[in-house]
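Engineer: sequence unavailable; structure follows:
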């Protein structure tokens, strides 16, 4: 039984976890860096502990500091949120060996699916479709040339241990292959301390569709439907919705079936996401797995009624999932806009600074997950996400109308945000029709910058 949880993260996800713990009457402690001392999460928490200076390496990524915080505060469990140590198999293993409950999958789960080449191999073993390409990391340049010719250009090179769009190169011609391979391997080594790279066929204008899964310690695996995360900029998601406007019930059964099959194959535990690419013919291909809670989990919560964070806590506490696959029903539609402290009119330049005024939208079907408040200073040291605006409606048209209204109500002054961009995007014909794709935002921005 979990007695006390250390929340080893920051921003909106730390506050989200604190709320779930508080509602479940589980004592918890907020771990924070010096730069986050004035965040809303730290202000509302009864118990908190500083784990280091502003630098992530010296605080949220500092394993000895977090282990010390666990010991000092008497916590016997840690929730890593997303990012930072959430997919660090070494940290999860230390927790397991020390008798600390890691609120997430096992270290072995993370190792099996955290390496993208290994994840592809696991998917292939249980006949989950994958894109043509390598099953193992490339070992020689000659192998890369041979396989690229076999698969056919364009191809994409991806870092095995990568994420967030780093360690990726699209190669459209043979002459670009070897320079791109060198660049990709160097970036992978620098970013992930792992130079392994694999190769797969590149799909032009794909849909990025993911399935939320939950699995307990007793063999129950449940898929909570799909999310469409195709609206991205440089592989960073900006707008997500559930359900996907292109997925029909038959396709949903296939997506969820693939996800459950793969999760059962690796004896997964906890919350996770199976990510797929879908081409213009609606062919489905496994892409990767995220072995953690996702930023965009609220849209799934809104259409299923499942509190995913609470289920994470219950699973880690040794309890069974509180619902079965048959009980999962998708009702209505939900959309999330990530509110980043960035200036979209100047190449998404980071915009840290003091929040001078904040007016939060409300009303039926509106939710704003955020750690900011008027007077709060957004620090320059971390990811630019400062909030998530989530709406739901009885169907997609109502959700779209509600998001337009909520964006009109949202007022944040003192820093630039991505909110004005979304106001323009929501009237884009491609988005309104539901026939959008990865890359639409770049195309939209290019057209906006053309002379009128």
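Structural biologist: Cool, the structure landed. Source: prediction; values computed, not measured.
Engineer: ok, now which ones touch residue 222?
Structural biologist: 213, 214, 215, 260, 321, 323, 324, 325, 328 (Cβ atoms under 8 Å, 6 or more residues apart in numbering). C-beta coordinates here come from the backbone N, C-alpha and C atoms, glycine included.
Engineer: so it: helix, strand or coil?
Structural biologist: Going by DSSP: H, G, I helix; E, B strand; the rest coil, the secondary structure assigned to residue 222 is strand.
Engineer: specify the beta-bridge partners of it.
Structural biologist: Beta bridges link residue 222 to residue 214, judged by DSSP bridges.
Engineer: sorry, back to before: pick the one among the contacts of residue 222 closest to residue 124.
Structural biologist: Residue 124 has its nearest neighbour among these in residue 260, at 16.7 Å by Cβ to Cβ.
Engineer: and the residue nearest the centre of the chain, its phi and psi?
Structural biologist: Taking Cα atoms, centre = their mean as the criterion, residue 294 is the residue nearest the geometric centre of the chain, at 3.6 Å. The phi/psi pair for residue 294 (degrees, to the nearest 10) reads phi -100, psi 150.
Engineer: distance check, it against residue 5.
Structural biologist: Distance, residue 294 to residue 5, by Cβ to Cβ, to the nearest Å: 20 Å.
Engineer: ok, now residue 43?
Structural biologist: Residue 43 is 19 Å from residue 5, where distance means Cβ to Cβ.
Engineer: looking at those two, which is more packed in?
Structural biologist: Neighbours per residue (other Cβ atoms under 10 Å) separate residue 43 from residue 5, with residue 5 holding more: 28 against 14.
Engineer: that one contacts residue 75, doesn't it?
Structural biologist: Yes - applying Cβ atoms under 8 Å, one finds residue 5 in contact with residue 75, separated by 6.2 Å.
Engineer: any residues in contact with both of those two?
Structural biologist: Listed as contacting both residue 5 and residue 75 by Cβ under 8 Å, 6+ apart are 28, 29.
Engineer: pLDDT score for residue 413?
Structural biologist: Looking at residue 413, its pLDDT stands at 97.
Engineer: how many neighbours does it have?
Structural biologist: Around residue 413 there are 13 residues (other Cβ under 10 Å).
Engineer: one more: residue 283?
Structural biologist: Using other Cβ under 10 Å, residue 283 is surrounded by 13 other residues.
Engineer: tell me how far it lies from residue 276.
Structural biologist: Applying Cβ to Cβ to residue 283 and residue 276 gives a distance of 10 Å.
Engineer: residue contacts, the closest residue to residue 430 other than its chain neighbours?
Structural biologist: The shortest distance from residue 430 to any non-neighbouring residue, by Cβ to Cβ, 6 or more residues apart in numbering, is to residue 436 (4.6 Å). Contacts here follow Cβ under 8 Å, 6+ apart; on that basis residue 436 touches 230, 231, 428, 430.
Engineer: looking at these, which are in strands?
Structural biologist: 230, 231 (DSSP state E).
Engineer: farthest pair within the contacts of residue 436?
Structural biologist: Farthest-apart pair in the contacts of residue 436 is 230 and 428; separation 12.7 Å (Cβ to Cβ).
Engineer: what do these two both touch?
Structural biologist: Common contact partners of residue 230 and residue 428 (Cβ under 8 Å, 6+ apart): 436, 440.
Engineer: neighbour count winner among the two?
Structural biologist: Neighbour count, other Cβ under 10 Å: between residue 230 and residue 428, residue 230 has more, with 26 against 16.
Engineer: I'd assumed residue 205 was in contact with that one.
Structural biologist: No - using Cβ under 8 Å, residue 230 is not in contact with residue 205, being 9.2 Å away.
Engineer: shared neighbours of those two, anything?
Structural biologist: Here residue 230 and residue 205 have 437, 438 as joint contacts, going by Cβ under 8 Å, 6+ apart.
Engineer: show me the contact partners of the worst-scoring helix or strand of the chain on mean pLDDT.
Structural biologist: Here the helix or strand of the chain ranked lowest by mean pLDDT, DSSP states H and E is helix 440-449, holding a mean of 86. With contact meaning Cβ under 8 Å, 6+ apart, helix 440-449 is reached by 230, 231, 232, 233, 234, 238, 344, 424, 425, 428, 430, 431.
Engineer: what residues are up against residue 251?
Structural biologist: For residue 251, the contacting residues are 282, 284, by Cβ under 8 Å, 6+ apart.
Engineer: no further questions, thank you.
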